[in-house]
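Peer 1: Sequence below, structure please.
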Amino acid sequence: MILDLRTLGELPAKVELEGDAQLLKLEMPDVEAVGILQVHLDVISGDSIYYCRGDVACDMKMECSRCLGSYTIRLDGELDFTILKAGEPGRGKGRRRRDEAEAGERPENLVTAMITEFEIDIDGPICEALSLEIPLKPLCDKNCLGLCPQCGVDRNRTECECKHEEVDPRWDDLRKLGNSNQA
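Peer 2: Predicted coordinates for the structure are as follows:
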């Protein structure tokens, strides 16, 4: 997604962007952005620097970790990044901040652009914000029954005939004692 700095007008500015979510390059297996990607940003400016803070929302198609079925979930992430215009002459505090950034004290959320560039690709911060919202163990429903460990049928759709005895191996010795007293 492209943020065009020329369209901001007077700063601080509120920016609303929409785009095709499938164009995002998420590097996560079994996760796909679908539908419309919505970005809301508040942009303020300092000496040759833009501070951007807001949120991003998108539908994600992923696989349930219990039943392995595909489902879609709405994710909302927080955006917080800085755009530093490289190559611009600066004075005072702005120059000091740019020198610090060039000296290796760069914040993690820094996006650097050349002074002639007004169209900034913000896909990196967007992907990062959405990736942080993806659940570690995605579930299509909190009451998902998952797959039968014996026959493999999806227990959300079909009841199987398998007997499911939950046996805790820590009780085996005690169970043997009970069986030896009955003999």
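
Peer 1: What's the separation between residue 156 and residue 84?
Peer 2: Relative to residue 84, residue 156 is positioned 50 Å away (CB to CB, to the nearest Å). Backbone N, C-alpha and C define where each C-beta goes, glycine included.

Peer 1: my bad, should have said residue 9
Peer 2: For residue 9, the distance to residue 84 (CB to CB) stands at 21 Å.

Peer 1: now swap in residue 66 and tell me
Peer 2: From residue 66 to residue 84 the distance is 45 Å (CB to CB).

Peer 1: more neighbours, residue 9 and residue 84?
Peer 2: residue 84 (20 against 7; other CB atoms under 10 Å).

Peer 1: on contacts alone, who are the packing partners of the helix or strand hosting that one?
Peer 2: According to DSSP states H and E, residue 84 maps onto strand 70-86. Under the contact criterion of 3 or more CB pairs under 8 Å, 6 or more residues apart in numbering; DSSP states H and E, strand 70-86 touches strand 31-46, strand 49-63, helix 92-102, strand 110-114, helix 123-131.

Peer 1: Can you tell me the element residue 172 falls in?
Peer 2: Assigned by DSSP H and E, residue 172 falls within helix 172-182.

Peer 1: Show me how far that helix is from its chain's centre.
Peer 2: Computed by CA atoms, centre = their mean, to the nearest Å, the chain-centroid distance of helix 172-182 equals 51 Å.

Peer 1: can you check stretch 120-129 too?
Peer 2: For stretch 120-129, the distance to the chain centre is 11 Å (CA atoms, centre = their mean).

Peer 1: With that, I have no additional questions.
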